[in-house]
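[1] next input, structure requested:
(2 chains)
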Amino acid sequence: MSETRHGTSEELLALRDGEGSAWVRAHVAECPACAAELERLEQVRARLRALPSYAPPRDVWPVVLEATRRERRRRRWSAWSGIAAAAAVLVLGVAVMRHSKGPSPEDVALQKAMAESAAMEQMFEAMHPDRRTLSGQAASVVADLEDQLAQVDAALNDTVTWRGDPERVAGLWKQRAGLLSALVDVHETRASYAGL
Amino acid sequence: MADTLPLAEAKSLVARARAGDYAALEQLYRAYERPVYTLARRLTKSADDAEDVLQETFLEVCRSLRQWRGDGSLWGWIRTIAASKALMRYRREKLREWEPLEDELGAGSRAEDVPLQLDLEAALAKLPERSRAVVWLHDVEGYTHEEIAELMGMTTSFSKSQLARAHDRLRRWLGAGVQA
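    Sure thing, here's the model as predicted:
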């Protein structure tokens, strides 16, 4: 026998898991007691894996669904309200400028893009997108559009953006209106396809 | 446990769920509610705790769907969230487990074992929570000691020694034979 002592549980478990030391490997090959213990440890693992699974006693899906809906609505509202607050500051600034020397063409373009975006937002929300079922392909398009929308919202939520190039800001609002319009199109197509 | 959904189906459901399709989200929930609840039952001390873990896990899954990139098993990703939620309860509750002294266990002395003839389910339930968690995560779910150490905020050697001590106890309670 390799040594007078037996393998410890930790050593035998390591061997069972394919990581044992050369000593314990050699020892188990010669020691019937340790070989039996190794076999027992393997059996315990097999029996543990064969234990039956549990079914949840209550259906918690309605709770998860409601909480998720609430959270998504709150996130959307929070992004929108941040942008609206930033926009309000800008519109106030534009009004002051208009009073002194009249609105510039950039300001007019910006206000137009913001109004378009707000109209599209209203149209999109009126479709209740979170209550609709989508096909895999439509879902992938929507997910991509929502990712882009999140990026535009993040840029518009950044005050540095507003202090910078007014043309870029107007461009972001136009992009936002375009993305919302595309989302409306996807949901409309899906709704007419499904006969809703 | 093997993933209950093929990867292509999982990817399609996740894409739809990300886009706000709640029917797809429910399909994901239905596919994984039982394995998540079973894991939670094994890692927590009561059915109520397990139900809380099930709920917390799926809220987190719904919140973080964008983080699953589809390059690994969806079950693997959900399972890690569930295990973290269950193990977090130990830290939150600052659980102090009763740890018997080594001589109470007859540590290492296989010849002195006095089998209590418990069945495996009862013996598993009798283990202290942390030990049971290590046994379940390692022997059933296939986590490595490194992964368990990371999940539990402990060292790898802690995970190894917990596993060995848990098996010493199981041997004592089950005897040489193993009853299911």
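[2] how about the secondary structure of residue B:154?
    Three-state call for residue B:154 (DSSP: H, G, I helix; E, B strand; the rest coil): coil.
[3] can you read off the pLDDT for it?
    In this model, residue B:154 is scored at 90, pLDDT.
[4] from residue A:118, how far off is it?
    53 Å (C-beta to C-beta, to the nearest Å). The C-beta positions use only the backbone N, C-alpha and C, and glycine is treated the same way.
[5] domain parsing of chain B, as residue ranges.
    Chain B breaks down into these domains under automatic domain parsing: B:7-93, B:103-174.
[6] what segments of chain B are helices?
    B:7-18, B:22-43, B:47-64, B:74-93, B:102-105, B:120-126, B:129-135, B:145-152, B:156-174 (DSSP state H).
[7] and for chain A?
    Under DSSP H, chain A gives helices at A:9-16, A:22-30, A:32-49, A:61-101, A:105-126, A:136-157, A:159-163, A:166-193.
[8] now the fourth one: mean pLDDT?
    By that I understand helix A:61-101. pLDDT averaged over helix A:61-101 gives 69.
[9] what is the end-to-end distance of stretch B:137-149?
    11 Å (C-alpha to C-alpha, to the nearest Å).
[10] briefly note if it comes near chain A.
    Yes. Using C-beta under 8 Å from any C-beta of the partner chain, stretch B:137-149 reaches chain A at B:139-140.
[11] got it, and stretch B:3-11?
    No. Stretch B:3-11 does not reach chain A (C-beta under 8 Å from any C-beta); its nearest approach is 8.7 Å.
[12] contacting residues for residue 45?
    Unless you meant another one, I'm taking chain A. Contact analysis of residue A:45 by C-beta atoms under 8 Å, 6 or more residues apart in numbering or on different chains lists A:16, B:139-140.
[13] not quite, go with chain B.
    For residue B:45, the contacting residues are residue B:129, by C-beta under 8 Å, 6+ apart.
[14] re the thing from before, tell me the most buried of the helices of chain B?
    helix B:129-135 (a mean of 23; mean count of other C-beta atoms under 10 Å in any protein chain shown).
[15] list of residues touching that helix?
    A:48, B:42-45, B:86-87, B:90, B:95, B:97, B:124-125, B:127, B:148, B:152, B:159, B:162-163, B:165-167, B:169-170.
[16] how far does it sit from the chain's center?
    Between the centre of helix B:129-135 and the centre of its chain there are 8 Å (C-alpha atoms, centre = their mean, to the nearest Å).
[17] residue A:141: what's it in contact with?
    Contacts of residue A:141 (C-beta under 8 Å, 6+ apart): A:186, B:19.
[18] what distance separates the start and the end of stretch B:126-137?
    Across stretch B:126-137, first to last residue, C-alpha to C-alpha, it's 17 Å.
[19] any low-confidence regions in chain B?
    Applying pLDDT under 70 to chain B flags the ranges B:1-2, B:91-118, B:176-180.
[20] give the contact list for residue 34.
    Because you didn't say which chain, this covers chain A. Residues near residue A:34 by C-beta under 8 Å, 6+ apart: A:6-7, A:12, A:24, A:27-28.
[21] hm, I was asking about chain B
    So residue B:34 contacts A:53-56 (C-beta under 8 Å, 6+ apart).
[22] same thing with residue B:8?
    Taking C-beta under 8 Å, 6+ apart, we find residue B:8 in contact with no residue.
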